[in-house]
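> Using only what follows, build the 3D model:
(one chain, ligands or ions: 1)
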Amino acid sequence: MRQRFWILGPALFLMALVISCGTKLNPNEIRIGEYGALTGAQATFGISTRDGIQLAVDEINASGGINGKTLKVILVDDQGKPEQAAVAVTKLITQDQVQVVLGEVASSLSLAAAPLCQERKVPMISPSSTNPKVTQVGDYIFRVCFIDPFQGQVMADFAMQQLSAKTAAILRDQKSDYSMGLADFFIKRFKEKGGSIVLDQSYVAGDVDFKSQLATLRGKTPDVIFVPGYYTEVGLIAKQARELGIKVPLLGGDGWESSKLFEIGGKALNECYFSTHYSSESTDPKVLDYVKKYRAKFGSVPDGLATLGYDAAGVLAEALKRAKSLSGADIRDAIAQTKSYAGVTGSISMNANRDAVKSAVVLKIENEKASYVTTVNP
Ligand code: PHE
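Reported below is the predicted structural model:
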(Lines give C-alpha, C1' and ligand atoms only; values in the text may rest on other atoms or scores of the structure.)
Protein backbone atom coordinates (compact mmCIF):
# COMPACT_ATOMS: atom_id res chain seq x y z
CA MET A 1 0.00 0.00 0.00
CA ARG A 2 2.83 2.38 0.85
CA GLN A 3 4.13 2.10 -2.67
CA ARG A 4 1.15 4.04 -3.95
CA PHE A 5 2.29 7.16 -2.08
CA TRP A 6 5.56 7.20 -3.96
CA ILE A 7 3.59 7.62 -7.16
CA LEU A 8 0.92 9.81 -5.64
CA GLY A 9 3.50 12.05 -3.90
CA PRO A 10 5.11 13.74 -6.92
CA ALA A 11 1.71 14.28 -8.57
CA LEU A 12 0.37 15.95 -5.45
CA PHE A 13 3.45 18.15 -5.19
CA LEU A 14 2.96 19.41 -8.71
CA MET A 15 -0.69 20.16 -8.08
CA ALA A 16 0.02 22.00 -4.85
CA LEU A 17 2.90 23.88 -6.44
CA VAL A 18 0.55 25.34 -9.00
CA ILE A 19 -1.87 26.40 -6.26
CA SER A 20 0.93 27.91 -4.18
CA CYS A 21 2.17 30.38 -6.79
CA GLY A 22 1.51 33.82 -5.44
CA THR A 23 1.42 32.85 -1.72
CA LYS A 24 2.92 35.70 0.32
CA LEU A 25 5.29 34.67 3.10
CA ASN A 26 5.95 36.78 6.17
CA PRO A 27 9.74 36.95 6.72
CA ASN A 28 9.25 37.53 10.44
CA GLU A 29 7.57 34.17 10.89
CA ILE A 30 8.90 30.63 11.09
CA ARG A 31 6.31 28.38 9.49
CA ILE A 32 5.69 25.05 11.22
CA GLY A 33 3.39 22.48 9.61
CA GLU A 34 1.38 20.16 11.83
CA TYR A 35 -0.68 17.19 10.64
CA GLY A 36 -2.87 15.06 12.85
CA ALA A 37 -6.25 13.38 13.28
CA LEU A 38 -8.75 15.99 14.44
CA THR A 39 -11.70 13.86 13.30
CA GLY A 40 -12.31 10.11 13.03
CA ALA A 41 -11.61 7.18 15.35
CA GLN A 42 -8.30 8.64 16.57
CA ALA A 43 -9.49 12.23 16.97
CA THR A 44 -8.41 12.64 20.58
CA PHE A 45 -4.81 11.92 19.50
CA GLY A 46 -4.70 14.92 17.17
CA ILE A 47 -6.71 17.24 19.38
CA SER A 48 -4.56 16.62 22.46
CA THR A 49 -1.36 16.97 20.43
CA ARG A 50 -2.60 20.22 18.89
CA ASP A 51 -3.35 21.66 22.33
CA GLY A 52 0.05 20.70 23.72
CA ILE A 53 1.82 22.23 20.73
CA GLN A 54 -0.29 25.38 20.98
CA LEU A 55 0.57 25.84 24.66
CA ALA A 56 4.29 25.57 23.89
CA VAL A 57 4.16 27.85 20.85
CA ASP A 58 2.16 30.53 22.68
CA GLU A 59 4.70 30.50 25.51
CA ILE A 60 7.63 30.75 23.11
CA ASN A 61 6.03 33.61 21.18
CA ALA A 62 5.07 35.42 24.40
CA SER A 63 8.69 35.33 25.50
CA GLY A 64 9.97 36.93 22.29
CA GLY A 65 9.93 34.06 19.77
CA ILE A 66 13.05 32.65 18.12
CA ASN A 67 15.81 35.17 17.45
CA GLY A 68 13.20 37.85 16.74
CA LYS A 69 10.87 35.66 14.67
CA THR A 70 7.43 34.40 15.66
CA LEU A 71 6.42 30.76 15.36
CA LYS A 72 3.37 30.17 13.17
CA VAL A 73 1.70 26.76 13.17
CA ILE A 74 -0.32 25.67 10.15
CA LEU A 75 -2.48 22.68 11.09
CA VAL A 76 -4.09 20.16 8.74
CA ASP A 77 -6.58 17.43 9.72
CA ASP A 78 -5.63 14.07 8.17
CA GLN A 79 -8.72 12.29 9.59
CA GLY A 80 -6.48 9.47 10.85
CA LYS A 81 -6.04 8.15 7.29
CA PRO A 82 -2.63 7.41 5.73
CA GLU A 83 -3.69 8.75 2.31
CA GLN A 84 -4.85 12.00 3.88
CA ALA A 85 -1.61 12.29 5.86
CA ALA A 86 0.30 12.29 2.56
CA VAL A 87 -2.07 14.90 1.12
CA ALA A 88 -1.78 17.06 4.25
CA VAL A 89 2.01 17.08 4.30
CA THR A 90 2.21 17.74 0.57
CA LYS A 91 0.00 20.79 1.05
CA LEU A 92 2.05 21.98 4.02
CA ILE A 93 5.33 21.73 2.15
CA THR A 94 4.38 22.99 -1.30
CA GLN A 95 1.55 25.41 -0.63
CA ASP A 96 2.26 26.72 2.86
CA GLN A 97 6.02 26.31 2.41
CA VAL A 98 6.55 25.22 6.01
CA GLN A 99 10.16 24.98 7.18
CA VAL A 100 9.60 22.05 9.51
CA VAL A 101 6.81 19.56 10.25
CA LEU A 102 5.37 18.24 13.54
CA GLY A 103 3.41 14.95 13.46
CA GLU A 104 1.98 12.37 13.29
CA VAL A 105 0.87 10.39 16.33
CA ALA A 106 -0.03 7.06 14.69
CA SER A 107 3.02 5.30 13.26
CA SER A 108 1.28 4.27 10.03
CA LEU A 109 0.45 7.91 9.33
CA SER A 110 3.96 9.13 10.11
CA LEU A 111 5.21 6.41 7.76
CA ALA A 112 2.88 7.63 5.02
CA ALA A 113 4.12 11.22 5.16
CA ALA A 114 7.76 10.95 6.30
CA PRO A 115 9.06 10.01 2.81
CA LEU A 116 7.63 13.29 1.50
CA CYS A 117 9.49 15.30 4.17
CA GLN A 118 12.66 13.34 3.56
CA GLU A 119 12.45 13.85 -0.20
CA ARG A 120 11.95 17.63 0.15
CA LYS A 121 14.51 17.95 2.98
CA VAL A 122 11.96 19.36 5.39
CA PRO A 123 12.73 18.10 8.91
CA MET A 124 9.89 16.26 10.63
CA ILE A 125 9.53 15.54 14.35
CA SER A 126 6.96 12.98 15.41
CA PRO A 127 5.89 13.63 19.00
CA SER A 128 4.64 10.12 19.63
CA SER A 129 5.02 7.56 16.83
CA THR A 130 6.80 4.65 18.45
CA ASN A 131 7.31 2.13 15.61
CA PRO A 132 11.07 1.85 14.85
CA LYS A 133 10.54 2.17 11.07
CA VAL A 134 9.41 5.81 11.33
CA THR A 135 12.83 7.39 11.82
CA GLN A 136 14.45 4.80 9.54
CA VAL A 137 12.79 6.64 6.63
CA GLY A 138 15.77 8.99 6.60
CA ASP A 139 18.02 11.56 8.24
CA TYR A 140 15.35 14.31 8.27
CA ILE A 141 12.95 12.28 10.44
CA PHE A 142 13.03 12.52 14.26
CA ARG A 143 10.91 11.63 17.27
CA VAL A 144 10.87 12.75 20.92
CA CYS A 145 9.43 9.50 22.36
CA PHE A 146 10.73 6.01 23.10
CA ILE A 147 10.29 3.18 20.57
CA ASP A 148 8.26 -0.03 20.68
CA PRO A 149 11.00 -2.63 21.23
CA PHE A 150 11.34 -0.96 24.64
CA GLN A 151 7.60 -0.55 25.22
CA GLY A 152 6.95 -4.22 24.33
CA GLN A 153 9.63 -5.29 26.76
CA VAL A 154 8.18 -3.11 29.52
CA MET A 155 4.75 -4.74 29.26
CA ALA A 156 6.07 -8.30 28.87
CA ASP A 157 8.18 -7.84 32.01
CA PHE A 158 5.28 -6.25 33.84
CA ALA A 159 2.97 -9.15 32.94
CA MET A 160 5.47 -11.72 34.13
CA GLN A 161 6.92 -10.00 37.19
CA GLN A 162 3.98 -8.03 38.58
CA LEU A 163 1.06 -10.17 37.42
CA SER A 164 2.88 -13.55 37.51
CA ALA A 165 1.65 -14.33 33.99
CA LYS A 166 3.04 -17.44 32.32
CA THR A 167 0.75 -17.48 29.30
CA ALA A 168 -0.55 -14.65 27.12
CA ALA A 169 -2.89 -14.23 24.16
CA ILE A 170 -2.49 -11.46 21.59
CA LEU A 171 -5.18 -9.49 19.80
CA ARG A 172 -3.64 -7.04 17.33
CA ASP A 173 -4.66 -4.64 14.56
CA GLN A 174 -3.50 -6.06 11.22
CA LYS A 175 -3.53 -2.72 9.42
CA SER A 176 -1.51 -0.77 11.99
CA ASP A 177 2.29 -0.74 11.85
CA TYR A 178 2.22 0.26 15.51
CA SER A 179 0.02 -2.61 16.64
CA MET A 180 1.78 -5.25 14.53
CA GLY A 181 5.23 -4.16 15.70
CA LEU A 182 4.37 -3.78 19.37
CA ALA A 183 2.78 -7.24 19.43
CA ASP A 184 5.96 -8.73 17.93
CA PHE A 185 8.19 -7.02 20.49
CA PHE A 186 5.97 -8.13 23.39
CA ILE A 187 5.95 -11.74 22.13
CA LYS A 188 9.72 -11.81 21.68
CA ARG A 189 10.39 -10.70 25.24
CA PHE A 190 7.63 -12.82 26.79
CA LYS A 191 9.04 -15.97 25.15
CA GLU A 192 12.66 -15.08 25.96
CA LYS A 193 11.69 -14.93 29.62
CA GLY A 194 10.05 -18.36 29.48
CA GLY A 195 6.40 -17.41 28.89
CA SER A 196 4.25 -18.92 26.18
CA ILE A 197 1.87 -17.31 23.71
CA VAL A 198 -1.25 -19.45 23.54
CA LEU A 199 -2.99 -17.52 20.76
CA ASP A 200 -2.15 -14.69 18.35
CA GLN A 201 -5.23 -13.17 16.70
CA SER A 202 -6.03 -10.03 14.77
CA TYR A 203 -8.68 -7.53 13.73
CA VAL A 204 -8.75 -4.47 11.50
CA ALA A 205 -9.28 -0.91 12.81
CA GLY A 206 -12.93 -0.04 12.31
CA ASP A 207 -14.17 -3.51 13.34
CA VAL A 208 -16.87 -3.41 16.00
CA ASP A 209 -17.49 -7.11 16.69
CA PHE A 210 -14.66 -9.05 18.27
CA LYS A 211 -16.74 -11.90 19.67
CA SER A 212 -15.42 -14.68 17.45
CA GLN A 213 -11.77 -13.90 18.27
CA LEU A 214 -12.67 -13.58 21.95
CA ALA A 215 -14.62 -16.85 21.99
CA THR A 216 -11.57 -18.71 20.64
CA LEU A 217 -9.39 -16.90 23.11
CA ARG A 218 -11.60 -17.89 26.07
CA GLY A 219 -10.95 -21.55 25.27
CA LYS A 220 -7.18 -21.01 25.61
CA THR A 221 -7.42 -19.58 29.17
CA PRO A 222 -4.45 -17.19 28.96
CA ASP A 223 -3.23 -15.43 32.13
CA VAL A 224 -3.28 -12.06 30.33
CA ILE A 225 -4.38 -10.67 26.97
CA PHE A 226 -2.13 -8.20 25.18
CA VAL A 227 -4.11 -5.76 23.01
CA PRO A 228 -1.72 -3.24 21.44
CA GLY A 229 -4.34 -1.20 19.57
CA TYR A 230 -5.94 2.24 19.68
CA TYR A 231 -8.57 3.26 22.20
CA THR A 232 -11.72 2.94 20.05
CA GLU A 233 -11.26 -0.78 19.36
CA VAL A 234 -9.67 -1.51 22.74
CA GLY A 235 -12.72 -0.12 24.57
CA LEU A 236 -15.03 -2.38 22.59
CA ILE A 237 -12.76 -5.41 22.99
CA ALA A 238 -12.71 -4.97 26.79
CA LYS A 239 -16.51 -4.75 26.92
CA GLN A 240 -17.08 -7.79 24.75
CA ALA A 241 -14.43 -9.82 26.61
CA ARG A 242 -16.25 -9.25 29.91
CA GLU A 243 -19.59 -10.07 28.27
CA LEU A 244 -18.12 -13.42 27.27
CA GLY A 245 -16.99 -14.04 30.84
CA ILE A 246 -13.28 -13.44 30.27
CA LYS A 247 -11.96 -12.05 33.54
CA VAL A 248 -8.17 -11.87 33.10
CA PRO A 249 -6.41 -8.49 32.73
CA LEU A 250 -6.08 -6.86 29.33
CA LEU A 251 -2.73 -5.16 28.78
CA GLY A 252 -1.81 -2.56 26.19
CA GLY A 253 0.50 0.24 25.16
CA ASP A 254 0.31 3.99 24.64
CA GLY A 255 -2.44 3.62 22.03
CA TRP A 256 -4.86 3.21 24.95
CA GLU A 257 -4.19 6.77 26.04
CA SER A 258 -7.47 8.66 25.63
CA SER A 259 -10.29 9.78 27.91
CA LYS A 260 -12.58 8.24 25.27
CA LEU A 261 -11.25 4.79 26.20
CA PHE A 262 -13.22 4.95 29.45
CA GLU A 263 -16.36 6.27 27.76
CA ILE A 264 -16.31 3.24 25.46
CA GLY A 265 -15.02 0.51 27.77
CA GLY A 266 -16.32 1.71 31.15
CA LYS A 267 -16.02 -0.75 34.04
CA ALA A 268 -14.89 -3.53 31.68
CA LEU A 269 -11.42 -1.95 31.88
CA ASN A 270 -11.04 -2.39 35.64
CA GLU A 271 -7.79 -4.18 36.54
CA CYS A 272 -6.28 -3.51 33.12
CA TYR A 273 -2.85 -1.95 32.57
CA PHE A 274 -1.05 -0.02 29.85
CA SER A 275 2.33 1.56 29.28
CA THR A 276 2.71 5.17 28.21
CA HIS A 277 4.98 8.22 28.23
CA TYR A 278 3.91 10.30 31.20
CA SER A 279 1.67 10.37 34.25
CA SER A 280 -0.16 13.56 35.18
CA GLU A 281 0.06 12.37 38.81
CA SER A 282 3.82 12.90 38.94
CA THR A 283 4.98 15.18 41.74
CA ASP A 284 7.94 16.46 39.74
CA PRO A 285 7.73 20.29 39.97
CA LYS A 286 8.17 20.51 36.19
CA VAL A 287 5.09 18.34 35.65
CA LEU A 288 3.06 20.18 38.30
CA ASP A 289 3.84 23.54 36.71
CA TYR A 290 2.97 22.24 33.24
CA VAL A 291 -0.30 20.61 34.33
CA LYS A 292 -1.32 23.89 35.99
CA LYS A 293 -0.64 25.93 32.86
CA TYR A 294 -2.42 23.43 30.63
CA ARG A 295 -5.45 23.32 32.92
CA ALA A 296 -5.66 27.11 32.97
CA LYS A 297 -5.69 27.22 29.18
CA PHE A 298 -7.81 24.21 28.24
CA GLY A 299 -9.72 23.32 31.43
CA SER A 300 -8.59 19.69 31.48
CA VAL A 301 -5.71 17.51 32.64
CA PRO A 302 -3.21 16.95 29.78
CA ASP A 303 -2.78 13.39 28.54
CA GLY A 304 0.46 11.90 27.23
CA LEU A 305 -0.22 13.04 23.67
CA ALA A 306 -0.62 16.68 24.68
CA THR A 307 2.55 16.45 26.72
CA LEU A 308 4.61 14.89 23.93
CA GLY A 309 3.26 17.58 21.58
CA TYR A 310 4.41 20.22 24.07
CA ASP A 311 7.85 18.61 24.31
CA ALA A 312 8.18 18.19 20.52
CA ALA A 313 7.50 21.91 20.04
CA GLY A 314 9.96 22.70 22.84
CA VAL A 315 12.71 20.58 21.30
CA LEU A 316 12.06 22.23 17.94
CA ALA A 317 12.17 25.77 19.37
CA GLU A 318 15.41 25.09 21.17
CA ALA A 319 16.91 23.65 17.96
CA LEU A 320 15.70 26.63 15.90
CA LYS A 321 17.51 28.97 18.30
CA ARG A 322 20.76 27.07 17.75
CA ALA A 323 20.39 26.45 13.99
CA LYS A 324 23.04 28.12 11.79
CA SER A 325 20.29 29.18 9.41
CA LEU A 326 16.66 28.27 8.76
CA SER A 327 17.49 26.02 5.82
CA GLY A 328 16.17 22.48 6.06
CA ALA A 329 19.69 21.10 6.38
CA ASP A 330 20.66 23.47 9.21
CA ILE A 331 17.42 22.90 11.13
CA ARG A 332 17.99 19.17 10.66
CA ASP A 333 21.51 19.39 12.07
CA ALA A 334 20.34 21.42 15.06
CA ILE A 335 17.57 18.91 15.92
CA ALA A 336 20.07 16.03 15.58
CA GLN A 337 22.30 17.76 18.14
CA THR A 338 19.58 17.91 20.81
CA LYS A 339 21.20 16.92 24.12
CA SER A 340 19.51 16.61 27.51
CA TYR A 341 16.56 18.85 26.66
CA ALA A 342 14.52 19.05 29.87
CA GLY A 343 11.10 17.94 28.66
CA VAL A 344 7.99 17.37 30.78
CA THR A 345 8.06 13.72 29.63
CA GLY A 346 11.72 13.42 30.64
CA SER A 347 15.15 14.35 29.40
CA ILE A 348 15.37 14.24 25.60
CA SER A 349 18.55 13.54 23.62
CA MET A 350 18.58 12.45 19.98
CA ASN A 351 20.53 9.23 19.50
CA ALA A 352 22.22 8.18 16.24
CA ASN A 353 18.87 6.79 14.99
CA ARG A 354 17.10 10.14 15.70
CA ASP A 355 15.08 8.52 18.48
CA ALA A 356 14.80 9.63 22.10
CA VAL A 357 15.71 7.13 24.80
CA LYS A 358 13.32 7.66 27.71
CA SER A 359 11.56 5.89 30.54
CA ALA A 360 8.01 4.53 30.33
CA VAL A 361 5.27 4.54 32.95
CA VAL A 362 2.73 1.80 33.59
CA LEU A 363 -0.79 2.88 34.53
CA LYS A 364 -3.58 0.82 36.09
CA ILE A 365 -7.23 1.40 35.21
CA GLU A 366 -9.74 1.48 38.02
CA ASN A 367 -13.21 3.03 37.88
CA GLU A 368 -12.67 4.82 34.58
CA LYS A 369 -9.42 6.37 35.66
CA ALA A 370 -5.79 5.46 34.94
CA SER A 371 -3.46 5.71 37.92
CA TYR A 372 0.30 5.60 38.14
CA VAL A 373 1.83 2.23 39.05
CA THR A 374 5.51 2.35 38.17
CA THR A 375 8.26 3.87 36.04
CA VAL A 376 10.58 1.70 33.94
CA ASN A 377 13.92 3.10 32.85
CA PRO A 378 15.57 1.99 29.60
N1 PHE B 1 2.67 5.21 19.73
C2 PHE B 1 1.50 5.18 18.91
C3 PHE B 1 1.88 4.85 17.48
O4 PHE B 1 3.00 4.84 17.15
C5 PHE B 1 0.75 6.48 18.96
C6 PHE B 1 0.34 6.96 20.32
C7 PHE B 1 1.29 7.58 21.15
C8 PHE B 1 -0.94 6.83 20.77
C9 PHE B 1 0.94 8.02 22.43
C10 PHE B 1 -1.30 7.27 22.02
C11 PHE B 1 -0.36 7.85 22.88
O12 PHE B 1 1.07 4.60 16.64
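
> Might you enumerate the residues of this protein proximal to the ligand?
45, 105-107, 128-131, 178, 254-255, 257, 304-305 (C-beta under 6 Å from any ligand atom). Where you see a C-beta, it was placed from the backbone N, CA and C, and this is true even at glycine.

> Let me see the backbone angles for Lys151.
Quick fix: residue 151 reads Gln, not Lys. The phi and psi values for Gln151, taken as degrees, to the nearest 10, are phi -60, psi -40.

> That one against Phe185, yeah?
Yes. When contacts are counted by C-beta atoms under 8 Å, Gln151 is listed as touching Phe185 (7.1 Å).

> how about the helices in the stretch 201-350 of the chain?
Assigned by DSSP state H, counting those that start in this stretch, the stretch 201-350 of the chain shows helices spanning 211-220, 231-243, 259-265, 285-298, 304-322, 328-336.

> out of those helices, deepest packed?
Most buried of the helices of the stretch 201-350 of the chain, by mean neighbour count (mean count of other C-beta atoms under 10 Å): helix 304-322, with a mean of 26.

> so how far is the ligand from Val248?
According to C-beta to the nearest ligand atom, to the nearest Å, Val248 stands 23 Å off from the ligand.

> which residues sit in contact with that residue?
For Val248, the contacting residues are Pro222, Asp223, Val224, Ile225, by C-beta atoms under 8 Å, 6 or more residues apart in numbering.

> For burial, what's the neighbour tally of the second one?
Other residues near Asp223 come to 18 when the count uses other C-beta atoms under 10 Å.

> Might you report the residue contacts of it?
Ala159, Leu163, Ser164, Ala165, Lys166, Thr167, Ala168, Val248.

> quick check, the third one in a strand?
No. The assignment for Ser164 (DSSP: H, G, I helix; E, B strand; the rest coil) gives coil, which keeps it out of a strand.

> I'd say Val122 and Val98 touch.
Yes. Here Val122 reaches Val98: they are 6.8 Å apart, a contact under C-beta under 8 Å.

> Tell me the residues that contact both of the two, please.
Taking C-beta under 8 Å, 6+ apart as the contact rule, Val122 and Val98 both touch Gly33.

> what bits of the stretch 1-150 of the chain have low per-residue confidence?
Within the stretch 1-150 of the chain, the ranges that satisfy pLDDT under 70 run 1-23.

> Strands along that one, start to end?
29-36, 70-77, 100-102, 124-126, 141-143 (DSSP state E, counting those that start in this stretch).

> Could you save the ones you listed as CSV and add columns showing distance to Arg332 and mean neighbour count?
Putting these into CSV (distance: least, C-beta to C-beta, whole Å; neighbours: other C-beta atoms under 10 Å) gives the following:
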stretch, distance to Arg332, mean neighbour count
strand 29-36, 14, 24
strand 70-77, 18, 18
strand 100-102, 9, 28
strand 124-126, 10, 29
strand 141-143, 8, 27
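
> got these as TSV, with distance to Leu326 columns?
Formatted as TSV, the strands of the stretch 1-150 of the chain follow (distance: least, C-beta to C-beta, whole Å):
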stretch	distance to Leu326
strand 29-36	7
strand 70-77	12
strand 100-102	9
strand 124-126	15
strand 141-143	17
